[in-house]
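1. fold the following, please.
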Amino acid sequence: MLIVKSCTVAGGNFGDDFNLQLWDRIFPNLQKLEGRVHFYGIGTLLGGHHETTMKKVVMGAGLGETGSVAKDTNWEFRWVRGPLTAKEFGLPVKSAIGDPAILWPELKVGHDANGPVGLIPHHATWDKFDWESIAANAGMLAINPHQMPNQVISQMRICSGIMAESLHGAICADAMAIPWTPCILAHRFNEFKWRDWMATINRPYAAVVIDRPLAREVSPLKSVANRVARLVRFKRSTRYPALRPIAASTKEDVRIVATTLKRQSLNTELFFCSDPALIAKQRNQMYERCAEFAKEYQLDFLPA
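-> Residues are numbered from 1 along each chain as shown. Okay, the predicted model is just below:
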């Protein structure tokens, strides 16, 4: 089977699920390239070690930090997620088109402007606490990122705005013209990839930071490790080490987070989205690159 590179998340993650479902829709006979290429589409997939002898076709993937590029002569870049990724690989800025998740056909403009504000945590943040209760106490709707893409999209569509720790929560909101804002709930928020993508929609990076992480429990060993990570500011250039939990959350922690989320969700100045014309332009550019790829590799091409 053709290797479509993707992150593997226990319990699933809708952003990664896009990658596993989208490309066979666009290229119905993509599997004919089995044994010839590795395919890199949606996600933070380009850092670290890769097979150097195999052709690696990149259609929208990105990096998660500087200095993580493994260069070889078998990379074939159709486009990348953003200009930070392009710079790391020495590619021209025009190759930074955006995230291909916007090619998902169900991402149409339209939502309930009078609905609640949705909260979409990072999939790992979701697992650490009861975000449904937190959101309910804040008058918001918590959206589980472990659901399938269309389930997440359906819930987003009933929201008036989106606070997203999940990058693809923001990307989907932007594609549906739902006002949104980045929201940092825990240390794993990756600022590099957010800046990378947001540069393609001409939006300055700014995020709501919740000043305390929530965790059901923290083992003694993990507490020590997180204290050290805070002290040395581990990965401070891309992550938020000060938000590593060092103890189980108290009722007061929970109350403060819910109160902060409620206050920020009511601040309409934080929420905005791209002009749909910009998203349409990105889609057209992506489809042009897809058509070129299909022609060169003799694949069927079915734009959504």
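2. where in this protein is pLDDT low?
-> Where the chain drops to pLDDT under 70, the residues are 1-3, 5-10.
3. ok, which stretches of it are helices?
-> For the chain, applying DSSP state H gives helices covering 14-26, 83-89, 123-128, 131-137, 149-157, 167-175, 191-198, 220-232, 251-265, 276-297.
4. ok, and what's touching the fourth one?
-> Applying Cβ atoms under 8 Å, 6 or more residues apart in numbering, the set of residues contacting helix 131-137 from outside is Leu119, Pro121, Thr125, Leu141, Ala142, Asn144, Leu214, Val254, Val257, Ala258, Leu261, Lys262. Backbone N, C-alpha and C define where each C-beta goes, glycine included.
5. can you check the longest one too?
-> Contacts of helix 276-297 with the rest of the structure, by Cβ under 8 Å, 6+ apart, involve 26-27, 33, 57, 59-60, 78-79, 97-98, 100, 102-103, 109, 174-175, 177, 200-202, 299-301, 303.
6. what domains does the record give for the chain?
-> Listed by automatic domain parsing, the domain ranges of the chain are 3-104+278-297, 117-273.
7. mean neighbour count for these - can I get that in TSV?
-> Formatted as TSV, these follow (neighbours: other Cβ atoms under 10 Å):
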stretch	mean neighbour count
domain 3-104+278-297	18
domain 117-273	19
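8. taking the contacts of helix 276-297 one by one, which sit in strands?
-> Val57, Met59, Arg78, Trp79 (DSSP state E).
9. correct me, but the second one touches Pro100?
-> Yes - using Cβ atoms under 8 Å as the test, Met59 is close enough to Pro100 to be in contact (6.1 Å).
10. between these two, what contacts are shared?
-> With Cβ under 8 Å, 6+ apart as the test, Met59 and Pro100 both reach Gly41, Met286.
11. before we move on, back to that, so which of the helices of the chain comes closest to Gly67?
-> In terms of Cβ to Cβ, the element of the helices of the chain nearest to Gly67 is helix 83-89, at 7.8 Å.
12. residue contacts, Phe189?
-> Neighbour list for Phe189: His122, Glu165, Pro182, Ala207, Arg239, Tyr240, Leu243 [criterion: Cβ under 8 Å, 6+ apart].
13. before we move on, back to that, what's the closest of the helices of the chain to Asp72?
-> helix 83-89 (11.2 Å).
14. give me the packing partners of that closest one, helices and strands only.
-> For helix 83-89, the packing partners by 3 or more Cβ pairs under 8 Å, 6 or more residues apart in numbering; DSSP states H and E come out as helix 191-198.
15. compute the inter-axis angle for the helix it packs on and helix 167-175.
-> 20 degrees (axes from the mean of the first three to the mean of the last three Cα atoms, to 10 degrees).
16. which residues sit against helix 191-198?
-> 44, 62-66, 81-85, 96, 98-99, 167, 170-171, 182, 204-205, 207, 237-240.
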